[in-house]
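Chemist: build me a model from this:
(one chain, ligands or ions: 2)
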Amino acid sequence: ILKKRIAVLPGDGIGPEVCKEAIKVLEAVSERFGHQFEFDTQLMGACAIDATGDPLPEKTLDACLNADAILLGAIGDPKYDNNPAAKVRPEQGLLRLRKSLGLYANIRPVTAYDVLLEHSPLKNNRIKGADMLIFRELTGGIYFGDKGRTENGAYDHCTYSKEEIVRVTHLAFQAAQTRRKKLTLVDKANVLETSRLWREVVQEISPEYSDVAVDYLFVDNAAMQVILNPKQFDVILTENMFGDIISDEASVIAGSLGLLPSASVGDKLALFEPIHGSFPQAKGKNIANPIATILSAAMLLEHFELQKEADLVKEAVQNALDKKVLTPELNSTSAYTTEQVGSFIAYYVVEGSESLPH
Ligand code: IPM
Ligand code: MN
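Modeler: Ligands and ions are numbered 1, 2, ... in the order given. Have a look, this model is predicted:
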């Protein structure tokens, strides 16, 4: 029996709805295997600004620091997106959380699911079998450099220390060793000094992982290659902003942004969240796809070294995909609700078999 405390930050928009289904699935895991998960739900994002004026209240940060892992829904609200002058923004909460918890590596797996090939706008033969793992540096670069206004302009500084590159690079190489043993560094070394430092560091470290083949791509070319020939990629390693952009782009391969999970890890803590945003248009409609958050919960189980449990959750998700128990963006003719998809997957986890919702 395993006892773990999980801080839950449902956030904004569809965040609470998808978190609820992931918790349902984690509770199914504890019922099946006899683990004890304690959930500690806290405010973050626009909802926290509304309640306290701060997107990351101290109570929330404390709860995260005291948890064994963190599950996050999504944050963001259009009222801030359309107001560039807003001083306090929901995203600041997420960025401060990543920084305060030292979550320097964001890991985003992208898989082309056979049963969903038709849903990708890309040609099936190009994406069938694609399977990549994106390592995005998460606490440095242009996101965290000095930023501000001048009299007639604005600036965002992109800075990286060697150590910031070294630690995420080791994690990416180690992951490549457990996979197809290829690592692609995506950068803009023909223009940016920080990118030249990334290349230097990766070249320095690569001899320690001599079983891993390394190649280098400029980010503009990489953006094209991800769509043109995604099967060439195994592990992609890249800096913060390039990783943000390339991972949304790569999600087209999976057929829906609503399928992609992520883990953000540091030396101690780890946070798990879907890569999609708060999808405000869908809030409260029970149509959001909970699978990205459920697969994030599976990554959380792997972090607890509960591989059997994580595999069962993934099997249950695969079963939902096979049986087309899916939300409207993936099943327009006979769509299921967010709650039905979550329950279908949770039921499979408890029983090892299915019961179709009606
Ligand atoms: C992501 C998001 C965030 C990011 C935003 C909400 C700050 O797009 O997790 O990819 O840019 O990192
Ligand atoms: Mn993003």
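Chemist: doesn't residue 73 fall inside a helix?
Modeler: No. Assessed with DSSP: H, G, I helix; E, B strand; the rest coil, residue 73 is strand; it does not lie in a helix.
Chemist: contact partners for the closest residue to it other than its chain neighbours?
Modeler: Excluding the flanking residues, the one nearest residue 73 by C-beta to C-beta, 6 or more residues apart in numbering is residue 15, at 2.6 Å. Heads up, the C-betas are built off the backbone N, CA and C, glycines and all. Counting by C-beta atoms under 8 Å, 6 or more residues apart in numbering, residue 15 makes contact with 9, 45, 72-75, 278.
Chemist: so which strand or helix has the residue nearest the centre of the chain?
Modeler: For the chain, the residue sitting closest to the mean C-alpha position, by C-alpha atoms, centre = their mean, is residue 262 at 2.4 Å. In this assignment (DSSP states H and E), residue 262 forms part of strand 261-265.
Chemist: try residue 325
Modeler: Using DSSP H and E, no helix or strand contains residue 325.
Chemist: go on, the one 5 residues further on?
Modeler: For residue 330, there is no helix or strand it lies in under DSSP H and E.
Chemist: surely it touches residue 288?
Modeler: No. Residue 330 is not in contact with residue 288 according to C-beta atoms under 8 Å; the separation is 11.7 Å.
Chemist: what is in contact with these two at once?
Modeler: What both residue 330 and residue 288 touch, as defined by C-beta under 8 Å, 6+ apart, is the set residue 258.
Chemist: between these two, who's got more neighbours?
Modeler: Legend: neighbour count by other C-beta atoms under 10 Å for residue 330 and residue 288, higher for residue 288 (32 against 24).
Chemist: for that one, list the residues it contacts.
Modeler: Contacts for residue 288 (C-beta under 8 Å, 6+ apart) come out as 14, 17-18, 258, 279, 282, 327, 338.
Chemist: those residues in strands, which ones?
Modeler: In strands, judged by DSSP state E, none of the contacts of residue 288 are found.
Chemist: so among those, where is pLDDT lowest?
Modeler: Note: of the contacts of residue 288, the lowest pLDDT belongs to residue 258, at 92.
Chemist: just list the residues touching that residue, thanks.
Modeler: Contacts for residue 258 (C-beta under 8 Å, 6+ apart) come out as 274, 276, 288-289, 291-292, 327, 329-330.
Chemist: residue 318 versus that one, what's the distance?
Modeler: 15 Å (C-beta to C-beta, to the nearest Å).
Chemist: do residue 325 as well
Modeler: Distance from residue 325 to residue 318, by C-beta to C-beta: 11 Å.
Chemist: higher neighbour count, the two?
Modeler: A count of neighbours by other C-beta under 10 Å puts residue 325 above the other of residue 325 and residue 318, at 22 against 15.
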